[in-house]
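> Prediction below, plus the sequence it came from.
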Amino acid sequence: MQTGFRSATKELIFYTDGDAQYDPGELAALWHHMTPSADLVNGYKISRSDPWHRIVIGRLYHHVVSILFGLKVRDVDCDFRLMRRSIFERIDLTQTSGVLCLEMMKKIQDAGFQIVEVPVHHYHRAFGRSQFFNFRRVLKTGVDVLRLWHRLVILGQHRTARRAAGVHTTEVADPTIRRT
């Protein structure tokens, strides 16, 4: 994903998972909300169509990372997003694991980009199988979350790096705009 974001040449970037859990036809809803003042249109699942254990773990994960990272988005891991390429001229992604979306959303929010949230449908996985739910991967994700929290929240490395590079942003009182 990092390479794709950095290599993009058009003004807008859209991405979603390839397992048919989202309907690409709903891109029109994101497009409709991509106004000149919006930098990112972030989908959030209307209702998660997963087995009960994934729903519980997903909700727990979302609540924990929202508190730890101060995130204001409804669904940090909804991989149905339309964003301006210019975002990646100001933020740098370093993660290569499942916490990449968490890193991206924290840095986008902290940089003061305007986020619009739009409800999208979520479907049962049509292709492939989740590779995440085994003890080793869950443990690794937990460790990755804590390391990322230390770097971004405790040390504020992404903010320090922007200031050192001479990048200044105007913080907004509420960087999340919710429209439905």
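Okay, I see it.

> Can you tell me what sits against the helix or strand H62 falls within?
Using DSSP states H and E, the element containing H62 is helix 52-69. Applying C-beta atoms under 8 Å, 6 or more residues apart in numbering, the contact partners of helix 52-69 are 48, 50, 71-73, 75-77, 102, 106, 130, 133, 138, 145, 149, 152-153. Every C-beta, even on glycine, is put in place using the N, C-alpha and C of the backbone.

> change it to 6 Å
Around helix 52-69, the neighbours that count as contacts under C-beta atoms under 6 Å, 6 or more residues apart in numbering are R48, L102, K106, W149.

> Can you lay out these as CSV showing pLDDT?
Below are those laid out as CSV (pLDDT from 0 to 100):
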residue, pLDDT
R48, 87
L102, 96
K106, 97
W149, 97
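
> picking up where we left off before, roughly how far out does the helix holding H62 sit from the chain middle?
14 Å (C-alpha atoms, centre = their mean, to the nearest Å).

> now, among the contacts of helix 52-69, which is nearest to H124?
Closest to H124 out of these is R48 (10.2 Å), distances taken as C-beta to C-beta.

> what's the spacing between S97 and G25?
As judged by C-beta to C-beta, to the nearest Å, S97 and G25 stand 30 Å apart.

> More neighbours: these two, which one.
S97 (15 against 8; other C-beta atoms under 10 Å).

> In which helix or strand does D75 reside?
Using DSSP H and E, no helix or strand contains D75.
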